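*Asks:* Predicted coordinates and the sequence they were generated for:
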Amino acid sequence: MKCEQILCGVTRPTGLRLVATPTGEELFLAELGSDEADDILAATATNPLIDVPTDAIVAFLHNVGKNWKSHEYARRRLYIRHLCRYLGYTEREATVEADWLALTLCSHFRIHSLLEAELGDRYALDRWVPHYESEVRAWPRGRVLHYLAGNLPVVAVTSILRGILTKNVNIVKVPSGDPITTLALAASFADVDPDHPVSRSLSVLWWESGRSKAGLEIAQSVDTIVAWGGEDTMRWVASAAGPETDVTWFGPRRSIALIDATHSAREAARRLAHDVAFYQQRACFSVHQAFVVGDVPHFSELVGEQLALYAELLPTSSPTIDEAAAQSMALLEARFAGAAVREPSGDREWAIVEAAHADSTAPHPLGRTLYLSERASASDLPDLGERVQTVAIYPFDQASTVRDALGRAGVHRVVELGMTNLFRIGSTHDSVYPLTRLVRIVSCDLPSAMHASGVTTPIDQMRILEDDSFYELIP
């Protein structure tokens with residue numbers, strides 16, 4: 001398979017690099033050449049989206065989403081096939097990804113709500129909006145480099161959608177771990193209208209991480225970088241960004257659950273199984289460890305039953321040799337340390353480690369591996385910090401008693417158990433509203449004839465000086 005480079009919506013021939021995929025299959029990725037960065041920066045110097053009404057952008061995305069919703073859409077069928085062949089997804093997993101993509105693009109009402117929640121007004125990029133003693137309007141920052149991680153398809157869709165909704169010119173660095181999703185999404189824009197400003201605002205490129213002079217030149221020339229990934233990515237972006245480049249970091253995070261299993265233990269187990277099984281624990285919001293009030297061995301048995309059910313509802317492909325080795329080593333270490341380990345007798349589709357003091361800083365083996373630890377009471381909190389993104393709580397009425405303590409500890413998000421993969425409107429992402437990081441908010445202050453807050457007369461500063469009446473303005 002050949003993955004082409006896309007420049008401003010147009011497929012561009014370039015040099016190809018043979019890359020191995022997680023399944024052992026090989027594909028050709030179009031590599032950004034050392035002499036191409038200037039051409040790309042010149043091509044992206046103008047912004048085709050800046051004057052396009054928000055409603056027109058949302059309508060275009062909705063039309064793209066309707067294609068993805070159709071099971072007869074050739075691009076969708078090819079996407080599912082490629083996820084299975086090159087990334088090792090089962091057909092059920094790949095179909096769910098295609099459905100999520102369709103849902104995200106078709107949800108025009110949620111997109112409007114997202115703009116309103118994060119920017120204050122759904123038309124903040126179209127017009128001047130009254131805001132206290134000013135009128136404000138959001139403007140795109142310009143060129144945005146999306147330096148993506150390849151652990152989840154939703155990363156590419158989310159990041160690109162944010163860049164488009166804020167009317168930026170978007171340059172996407174394709175992740176080696178998933179070159180499929182970004183290119184399929186960009187090509188689906190062209191399927192609807194290759195000349196539409198949304199299509200022309202998007203460029204999809206690949207270069208070898210940390211080793212490309214052309215990639216470095218692009219990173220140093222953009223206005224904003226949205227960086228997703230691990231420590232190596234964060235270090236490279238930090239060194240490559242220009243002195244005035246604004247960087248939004250979505251670095252490595254982990255998530256946990258706080259569960260009181262004395263309340264409806266079976267329902268808690270069902271919800272926990274979902275938060276463990278979805279995305280194979282690759283997401284920052286995936287639960288790796290649960291701290292439980294109650295009978296941990298009994299609760300472990302209930303969770304095992306639900307994980308076995310998820311193995312049928314959302315089956316996963318067999319792990320790679322490296323993944324299987326990492327999980328085997330983690331379970332051997334747990335047994336050696338005296339922890340009870342629960343796993344199915346057949347294929348290792350999941351595993352539960354009942355560990356009193358599991359090391360939350362150690363690399364997690366993924367593969368639906370859950371560490372269960374006992375805690376004394378609902379108010380007994382484990383060691384936390386800014387590396388903890390999401391804390392899932394059950395029953396959720398206990399959230400009100402611990403969320404202040406969680407916030408002080410550095411946690412970014414508190415949700416109901418079973419809901420970690422659903423970011424509600426108004427929810428933050430790693431403690432920020434991402435859309436605000438992709439715009440400039442320009443203000444136009446009200447004129448002097450308009451009374452200032454707390455002042456009952458027009459503002460005539462010369463008259464105030466002449467009359468020596470400044471003290472009269474003091475309430």
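*Replies:* Perfect, thanks for sending it.

*Asks:* in the stretch 301-450 of the chain, which spans are helices?
*Replies:* Taking DSSP state H, counting those that start in this stretch, the helices of the stretch 301-450 of the chain run over residues 321-336, 399-409, 434-437.

*Asks:* Just the buried residues of the last one, please?
*Replies:* By 16 or more other CB atoms under 10 Å, the buried positions in helix 434-437 come out as 434-435, 437. Glycine gets a C-beta too; all of them are placed from N, C-alpha and C.

*Asks:* quick check, distance from that helix to the centre of its chain.
*Replies:* Centroid separation for helix 434-437 versus its chain: 13 Å, with CA atoms, centre = their mean, to the nearest Å.

*Asks:* Could you export that helix as CSV, keeping only the C-alpha atoms?
*Replies:* Only the C-alpha atoms of helix 434-437 are listed here, as CSV (Å, rounded to 0.1, in the frame of the first residue of the first chain):
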residue,chain,number,x,y,z
PRO,A,434,-8.2,23.4,23.5
LEU,A,435,-10.1,25.7,21.1
THR,A,436,-8.9,28.7,23.1
ARG,A,437,-5.3,27.7,22.4
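
*Asks:* Let me have the buried residues of helix 434-437 in a markdown table, extended by pLDDT and distance to residue 357.
*Replies:* Shown next, in a markdown table, are the buried residues of helix 434-437 (pLDDT from 0 to 100; distance: CB to CB, whole Å):
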| residue | pLDDT | distance to residue 357 |
| --- | --- | --- |
| 434 | 97 | 36 |
| 435 | 98 | 40 |
| 437 | 97 | 38 |
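
*Asks:* nearest to residue 380, of the helices of the stretch 301-450 of the chain?
*Replies:* Nearest to residue 380 among these is helix 399-409 (9.6 Å), distances taken as CB to CB.

*Asks:* which residues touch that closest one?
*Replies:* For helix 399-409, the surrounding residues in contact (CB atoms under 8 Å, 6 or more residues apart in numbering) are 258, 378-379, 381, 384-385, 388, 391, 393, 414, 416.

*Asks:* Over to stretch 180-195?
*Replies:* If you take CB under 8 Å, 6+ apart as the criterion, stretch 180-195 is touched by 3-4, 6, 9-10, 60, 63-64, 67-68, 75, 78-79, 82-83, 86-87, 97, 101, 148, 153, 156-157, 160, 172, 174-175, 196, 198-199, 202, 204.

*Asks:* buried subset of these?
*Replies:* 3-4, 6, 9, 60, 63-64, 67-68, 75, 79, 82-83, 86-87, 97, 101, 148, 153, 156-157, 160, 172, 174-175, 196, 198-199, 202, 204.

*Asks:* Just those: which are in helices?
*Replies:* Within the buried ones among the contacts of stretch 180-195, residues falling in helices by DSSP state H are 60, 63-64, 67-68, 75, 79, 82-83, 86-87, 97, 101, 153, 156-157, 160, 198-199.

*Asks:* Which segments of this protein make up each domain?
*Replies:* 2-250, 254-416 (automatic domain parsing).

*Asks:* For residue 429, which of those domains is the nearest?
*Replies:* With CB to CB, the closest approach to residue 429 among the domains of the chain belongs to domain 2-250: 7.0 Å.

*Asks:* Show the average pLDDT along the closest one.
*Replies:* Mean pLDDT, domain 2-250: 93.

*Asks:* Next, the distance between the ends of it.
*Replies:* Counting by CA to CA, to the nearest Å, you get 29 Å between the two ends of domain 2-250.

*Asks:* check contacts around the closest residue to residue 30 other than its chain neighbours.
*Replies:* Leaving aside its chain neighbours, residue 30 sits nearest to residue 5 (3.8 Å; criterion: CB to CB, 6 or more residues apart in numbering). Residue 5 makes contacts with 11-14, 30, 32, 204-206, as judged by CB under 8 Å, 6+ apart.

*Asks:* please redo it, this time with the cut-off set to 7 Å
*Replies:* Residue 5 is in contact with 12, 14, 30, 204-205, counting by CB atoms under 7 Å, 6 or more residues apart in numbering.

*Asks:* what's the spacing between the residue positioned nearest the centre of the chain and residue 79?
*Replies:* For the chain, the residue nearest the mean C-alpha position is residue 155 (4.6 Å; CA atoms, centre = their mean). Residue 155 is 15 Å from residue 79, where distance means CB to CB, to the nearest Å.
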